[in-house]
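Chemist: Give me a 3D structure for the following:
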Amino acid sequence: MKKTLALILVGLLAVSLAFAAGSKETVAKDAGPVKITFWHAMGGVNGEAIASMVAEFNALNAGKIEVTSEFQGSYDEEFAKLQASGGNYPCDIVQIYDIGSRYMIDSGWVLPVQEYVKKDNWNVNQIEPNIAAYYTIDGTLYSMPFNSSTPLLYYNKTAFDEAGITKVPTSFEEIYEVAEKLRVVNPDGSVKRYGFGMGNYGWFFEQWMGKQGLHYVNNNNGRGEQYATAVAFDQNGGGLEIVKVWDKVLKEGISPYLNIGNDDAKAAFISGNIAMTLESTAALKSLLLNIGDRFELGVGYFPNIHKNDVGGVSVGGGSLWMLNTGDTRREDATWEFLKFMISPEQQAIWNVKTGYFPITVAAAETETFKQNIAQYPQFQVAIDQLHDTAPQYAGALLSIFPEARTTVEGYIARLANRTVDAKGAVEGMARDINKALEEYNLVNY
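Modeler: Next comes the predicted model:
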């Protein structure tokens, strides 16, 4: 009798488990697509390109995954919103600028992309190595590169031809010489066109440290076993060499002071008021469109501080970070979205629409990319410069990088206003950044 009762109970349990399993399967099927949220900082044409890519992904994954993309303002605004969330995960994936990388790693909010690379047996060599290098620390790819750029020298090729200049300058020694030939003065002595002009942009300072083959901060440029504890640019001499160039171009009238950021320098170049300027790779398309028939646009490598400097550029722009929400279904869906966004064809389309590098090597083999290069051969210079640098010049990682960049720009503005000399500017930058870094490290480590 007991044996019979036991068999009945086992049978009932099996039926209930089968029913429960069937219920779960029904719930899973009826739950609809996995919904994930994507925060980004791309406005204008770039934002339109994002919207188009997201719409295509959703169409291809209808009923399975649904991505909602949300524009959060500028990089700084988006970064501040994420910081204010306090790790409450307001989204599943977030686009963060390069200088936010150390903070993101330290935050504890991140699910390193490397985990899915390993789980999916995904080949990281699909990514341009000099781009992957920036976001890889101790062998871990923390985020997925997406909108990558490097700085370039843009020049008025028509003005070059008229002045008989055939060689594109590659260092500031050469820029000084060429700028003098390109300078045009009105009868009253005022300057009609400067030979050179650049914005007060801290990104350039960071790039010139790499071009000199020197570190911006200590502890292997913030990429060592220990985080950065102080700047290195005041100790290795690189910072002073950079500021001396800025001082010379302003004091000797080689360039006008064109304010913080790059908007004024870009406008001056488009209007023909300066014949050479420095800007991002990503500006190429907009410069071509805005210049129109005014003059022919030339493109060269970002110039060295000194003729014999041996170093390289590092990427700017941003990458896509997975947040550690703890929801496996959403994290799996996010990984699928990431793979789509950096697929060769999507990266080729992104390149055409925005001017950012295609970060995937195979994008160069697509017809979309080849047709764009044929139409805009200037972009090949950007590709060549990327390939001619090395992963060792990937650039610094610094927890307070946004603040550090603002500090550098503040002292260059003071240099332009003659309230500090070159040596004082570097000392002030180092002092203020080190103080902020010390305060951050005391709280966070």
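
Chemist: going forward, measure contacts and count neighbours with C-alpha atoms only.
Modeler: Noted.

Chemist: Show me which residues of stretch 203-221 are buried.
Modeler: Residues 203-221 are the ones in stretch 203-221 that count as buried (16 or more other C-alpha atoms under 10 Å).

Chemist: Contacts for it, please.
Modeler: By C-alpha atoms under 8 Å, 6 or more residues apart in numbering, the residues outside stretch 203-221 that reach it are 151, 225-233, 236, 238-239, 242, 304-306, 309-314, 393-398, 405, 408.

Chemist: Which of these are buried, as a ChimeraX select command?
Modeler: Per 16+ other C-alpha under 10 Å, the buried members of the contacts of stretch 203-221 correspond to this ChimeraX selection:
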select :151,227,228,229,230,231,232,233,238,239,242,304,305,306,311,312,313,314,393,394,395,396,397,398,405,408
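
Chemist: Restricted to helices, list the contacts of stretch 203-221.
Modeler: Using DSSP state H, 238-239, 242, 405, 408 are the members of the contacts of stretch 203-221 that sit in helices.

Chemist: and the closest residue to P169 other than its chain neighbours, how many neighbours?
Modeler: Nearest residue to P169 in three dimensions, chain neighbours excluded: I175, at 5.6 Å (C-alpha to C-alpha, 6 or more residues apart in numbering). Neighbour count of I175, defined by other C-alpha atoms under 10 Å: 20.

Chemist: so which strand or helix has I175?
Modeler: helix 172-182 (DSSP states H and E).

Chemist: Counting neighbours, what do you get for Y411?
Modeler: Quick note: Y411 (other C-alpha under 10 Å) scores 23 neighbours.

Chemist: The closest residue to it other than its chain neighbours: what's it in contact with?
Modeler: Leaving out its chain neighbours, the residue that sits closest to Y411 by C-alpha to C-alpha, 6+ apart is A425, at 5.5 Å. A425 is in contact with 243, 411-412, 414-415, counting by C-alpha under 8 Å, 6+ apart.

Chemist: try A404
Modeler: I433.

Chemist: Q207 versus D234, what's the distance?
Modeler: 15 Å (C-alpha to C-alpha, to the nearest Å).

Chemist: Which stretches in the stretch 101-250 of the chain count as strands?
Modeler: Secondary structure of the stretch 101-250 of the chain (DSSP state E, counting those that start in this stretch): strands at 136-137, 140-141, 144-149, 151-156, 184-185, 191-193.

Chemist: In its sheet, which strands sit next to the first one, and in what direction?
Modeler: This means strand 136-137. strand 140-141 (antiparallel) (DSSP bridges).

Chemist: What are the contacting residues of the partner strand?
Modeler: Taking C-alpha under 8 Å, 6+ apart as the rule, strand 140-141 contacts 112-114, 132, 135.

Chemist: can we see that at 10 Å?
Modeler: The contact list for strand 140-141 (C-alpha atoms under 10 Å, 6 or more residues apart in numbering) reads 112-115, 117, 124, 132-135.

Chemist: How about stretch 163-174?
Modeler: Here stretch 163-174 has contacts from 153-155, 157-160, 175-179, 181-183, 245, 249, 276, 298-309, using C-alpha under 10 Å, 6+ apart.

Chemist: 8 Å - rerun?
Modeler: Contacts of stretch 163-174 (C-alpha under 8 Å, 6+ apart): 160, 175, 178, 181-182, 245, 300-307.

Chemist: Alpha carbons of that stretch, as CSV, please.
Modeler: Only the C-alpha atoms of stretch 163-174 are listed here, as CSV (Å, rounded to 0.1, in the frame of the first residue of the first chain):
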residue,chain,number,x,y,z
ALA,A,163,52.4,79.9,-53.0
GLY,A,164,54.4,77.2,-54.8
ILE,A,165,54.3,74.9,-51.7
THR,A,166,54.6,71.2,-52.7
LYS,A,167,55.5,69.5,-49.5
VAL,A,168,52.9,69.0,-46.7
PRO,A,169,54.5,70.0,-43.3
THR,A,170,55.0,67.1,-40.9
SER,A,171,56.4,69.0,-37.9
PHE,A,172,56.2,72.5,-36.4
GLU,A,173,59.6,73.5,-37.7
GLU,A,174,58.0,73.0,-41.2
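
Chemist: Show me which parts of that stretch are buried, residue by residue.
Modeler: Applying 16+ other C-alpha under 10 Å to stretch 163-174 flags 168-172, 174 as buried.

Chemist: Farthest-apart pair in the residues you listed, please.
Modeler: V168 and F172 (11.3 Å; C-alpha to C-alpha).

Chemist: quick one, helices of the stretch 251-400 of the chain?
Modeler: 263-271, 284-291, 328-341, 344-354, 367-375, 379-388 (DSSP state H, counting those that start in this stretch).

Chemist: Chain neighbours aside, what residue packs nearest to the residue nearest to the spatial centre of the chain?
Modeler: With distances taken as C-alpha atoms, centre = their mean, G317 lies nearest the centre of the chain, 1.6 Å away. Among residues not flanking G317 along the chain, S148 sits closest, at 4.7 Å (C-alpha to C-alpha, 6+ apart).

Chemist: the inter-axis angle of the helix holding I175 versus strand 151-156?
Modeler: Angle of helix 172-182 versus strand 151-156, following axes from the mean of the first three to the mean of the last three C-alpha atoms, to 10 degrees, is 20 degrees.

Chemist: how far is helix 172-182 from where the chain is centred?
Modeler: In terms of C-alpha atoms, centre = their mean, to the nearest Å, the centre of helix 172-182 is found 29 Å from the chain centre.

Chemist: What of stretch 173-191?
Modeler: Worked out by C-alpha atoms, centre = their mean, stretch 173-191 lies 33 Å from the chain centre.
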